[in-house]
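>>> Whatever this is, show me its structure:
(2 chains)
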Amino acid sequence: MLLTRRTTLAGLGAGLALAGRARAAAPSAVNIGFFTETKPTMLAKGEGWFESGVGGKLSWTEMGSGADINTAITSGSCDIGLSTGSAATAAGIAQQLPFKLIGMVDNIGPAEEMTVRTAANIKTAADFKGKKVATPFGSTSHFRLLGFLKTNGLTQRDVTVLDMKAAAIVAAWSRGEIDAAYVWAPAKSKILADGGTPFPTYEALDKAGYVIADLIIVRDAFAQQYPDAVTGFLKAYGKALGMYRAESDKTADIVAKQAGVSPAVALADMKEYDFVPLAEQVTPAWLGGTATDPGKFARVLKGTADFLVEQRSIKTAPALETFQKAIDTSFLAKAIA
Amino acid sequence: MSRSIPAWAITLASIAVVLCAWVGVTEGGLVRDLFLPSPADLWSGFLELIDEGYKGRPLLVHVGDSLFRVGAGFVTGVAAGTLLGLAMGYLPKLDALAAPFVEFLRPLPQLAYLILLIIWLGIGETSKITMLFLAALPVAAVAARDGVRNVPAERLRVAQTLGASSWQVFRHVIIPSALPEILVGARLAAGIVYGTLIAAEIIAGSSGIGWMILDAGRFLRSDYVFVGIIMLGLAGIAIDRALLLIEKRAVHWAGR
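Numbering: from 1, shown residues only, chains lettered A, B, ... in the order given. Modelled structure (predicted):
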């Protein structure tokens, strides 16, 4: 009898706890997948703005790549992916992974760019023939590099494309084993300082549609259960963007502390990115649009996914409409209201 | 006894049951192909890889590159490890000298020193094979050393009484007596080298089955991932069986 009563009580207790959780507007624990970076995201993280915006305890997990964030979201172990690349996001939408794109951290612009070894004497695209170029595969940089090869009529038979993590690129560069690398800061600044020269590809590629951006994605089930927390998260980032615009030096100090670099480096890194204000993100010039009249970013994602199919990284890409449907600007709209 | 089910039939049945469950779960639409591709998906993925290769290289080149790395790392690591182990077992002073390093290296995860290997040896085959070499060496060394230590003392004494020189004792008594343990060590080392392959192919990849699995996994191309895993698994069994065969031929007397 005693056992039964205990079990009943325990069951009742658990039931109450569950009911309590379902009613709560704020989640008790939120899993964030992120990258340590020199961006205003680290300001909102360091100052606890994300935490108060969400209204629950945040558990931060450093990810290796945007693909890792996709995998973690699919398995339910990540609720919000911060600064995941547009290439991984396009692949994820094409594979109908359970997430929505809710905002942008930045438009990458020239922040990810080709660096060539000055001694390798690479002046034109044709000079890349027979050279070794490294990039982290599956990244936005990889996507740009492949776009660069394609738009210049080069194939991976002409150029040896090597898959290396950013840290490995710096190591191999110092040994003189690679002739060029397509990568982001801080690896980019390190190899530039170590006998590298910028080889601008961004403007031509941007015009050709190879737009890349860092994005914020949220797991579907989480967004449905805690819409206010999602809005709060975006609001916190909006606040960080505002402070960066108003007081970039002070922002750089805090970002530098979070990322473990000097304030000067943090400021220089941030200046390379195009931090689009939330109010602009919501327009069709970026994320906005409807399923019947998609905005710019749905087209970017569709173009990215089509390219990934061509590369046989993913099997198929759905229609443009699917990409616009995977973008949910309702949280952005509420965050700027 | 004649009515009892033979072992091979049980093996076949267990494979058949797993295959049926696989087909049932995937064809029934219970799970998405992202999580578990159907056997048909896998087969078409495999044919695609054979026809078009993976990321600019034919499938056979990927397989060949991986087997070359495993082979080179295994052969050099086991050869060097066995020689070192034999010497360590025979000369206690050398054992005292080398043991701390061998013992330190043996349990160390290879990923821990990945970046060091790139800085020291670069991104080519050398760093990959060195990583596999370092995985095989301590295992083979410890096996050979223990093999020498476990040679019964009376065998040595008999040989010495019969007037054998120390080289003759080493060559004709110690090596044959330690051979069973050396070969067991080699099989163990093969397993470890094989397990290290993926870590080695993280170094500036773009070839090898291990790299293919990693790269396909980035975009959740589960069909290619499974093809890679099955190929690795089957090749692993083949390698182990081949070593077992050599072991049986070479030390048929072992255990008798």
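
>>> for the stretch 151-256 of chain B, which spans come out with low pLDDT?
The model of the stretch 151-256 of chain B has pLDDT under 70 over residues B:204-205, B:253-256.

>>> quick one: what helix or strand has the closest residue to B:I213 other than its chain neighbours in it?
Closest residue to B:I213 apart from its sequence neighbours, by CB to CB, 6 or more residues apart in numbering or on different chains: B:G228 at 3.9 Å. Where you see a C-beta, it was placed from the backbone N, CA and C, and this is true even at glycine. For B:G228, the element it lies in under DSSP states H and E is helix B:222-250.

>>> Which strands and helices lie in contact with that helix?
Contacts defined by 3 or more CB pairs under 8 Å, 6 or more residues apart in numbering or on different chains; DSSP states H and E place helix B:222-250 against helix B:39-52, helix B:59-90, helix B:175-201, helix B:209-218.

>>> Tell me which of those helices is the most buried.
Across those, averaging neighbours per residue (mean count of other CB atoms under 10 Å in any protein chain shown) puts helix B:209-218 on top, at a mean of 24.

>>> In PDB, list the C-alpha atoms belonging to that one.
Output of helix B:209-218 as PDB, limited to C-alpha atoms (Å, rounded to 0.1, in the frame of the first residue of the first chain):
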ATOM      1  CA  ILE B 209      37.400   6.800 -47.100                       C
ATOM      2  CA  GLY B 210      37.700   8.300 -43.600                       C
ATOM      3  CA  TRP B 211      37.700  11.800 -45.000                       C
ATOM      4  CA  MET B 212      34.800  10.900 -47.300                       C
ATOM      5  CA  ILE B 213      32.700   9.800 -44.300                       C
ATOM      6  CA  LEU B 214      33.600  13.000 -42.400                       C
ATOM      7  CA  ASP B 215      32.900  15.200 -45.400                       C
ATOM      8  CA  ALA B 216      29.600  13.500 -46.400                       C
ATOM      9  CA  GLY B 217      28.500  13.700 -42.700                       C
ATOM     10  CA  ARG B 218      28.800  17.500 -42.800                       C
END
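
>>> Please list the residues of the stretch 101-250 of chain A that sit near chain B.
Residues of the stretch 101-250 of chain A lying near chain B by CB under 8 Å from any CB of the partner chain: A:134, A:137-138, A:155-157, A:160-165, A:167-168, A:171-172, A:174-175, A:177-178.

>>> Of the residues you listed, grab the buried ones for ChimeraX.
For the buried members of these, the matching ChimeraX selection, counting by 16 or more other CB atoms under 10 Å in any protein chain shown, is:
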select /A:134,137,138,160,161,162,163,164,165,168,171,172,177,178
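
>>> and the residues of the stretch 101-250 of chain A next to chain B, which of them are in strands?
A:134, A:160-163 (DSSP state E).

>>> Dump those residues to a markdown table, plus distance to A:T71.
Rendered in a markdown table, the data for those read as follows (distance: CB to CB, whole Å):
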| residue | distance to A:T71 |
| --- | --- |
| A:A134 | 24 |
| A:T160 | 28 |
| A:V161 | 23 |
| A:L162 | 23 |
| A:D163 | 18 |
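
>>> With pLDDT and distance to B:S177 as added columns, please give these in CSV.
Below are these laid out as CSV (pLDDT from 0 to 100; distance: CB to CB, whole Å):
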residue, pLDDT, distance to B:S177
A:A134, 95, 51
A:T160, 91, 50
A:V161, 92, 53
A:L162, 91, 48
A:D163, 90, 47
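
>>> from those, which two are the most distant?
Pairwise distances across those peak at 10.9 Å for A:T160 and A:D163 (criterion: CB to CB).

>>> Can you give the domain ranges for chain A?
Domain segmentation of chain A under automatic domain parsing yields A:28-108+A:212-336, A:110-207.

>>> Using JSON lines, lay out those domains together with distance to B:F219.
Formatted as JSON lines, the domains of chain A follow (distance: least, CB to CB, whole Å):
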{"stretch": "domain A:28-108+A:212-336", "distance to B:F219": "4"}
{"stretch": "domain A:110-207", "distance to B:F219": "6"}
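
>>> B:E247 is nearest to which of the ones you listed?
The minimum distance between B:E247 and the domains of chain A falls on domain A:110-207, with 37.5 Å, by CB to CB.

>>> which ones are touching the residue nearest to A:K165 when sequence neighbours are not counted?
Of all residues not flanking A:K165 in the chain, A:P136 sits nearest, at 5.6 Å (CB to CB, 6+ apart). Counting by CB atoms under 8 Å, 6 or more residues apart in numbering or on different chains, A:P136 makes contact with A:65, A:142, A:163-166, A:169, A:183.

>>> Quick check: buried residues in stretch A:111-126?
For stretch A:111-126, burial by neighbour count (16+ other CB under 10 Å) applies to A:111-117, A:120, A:122, A:125.
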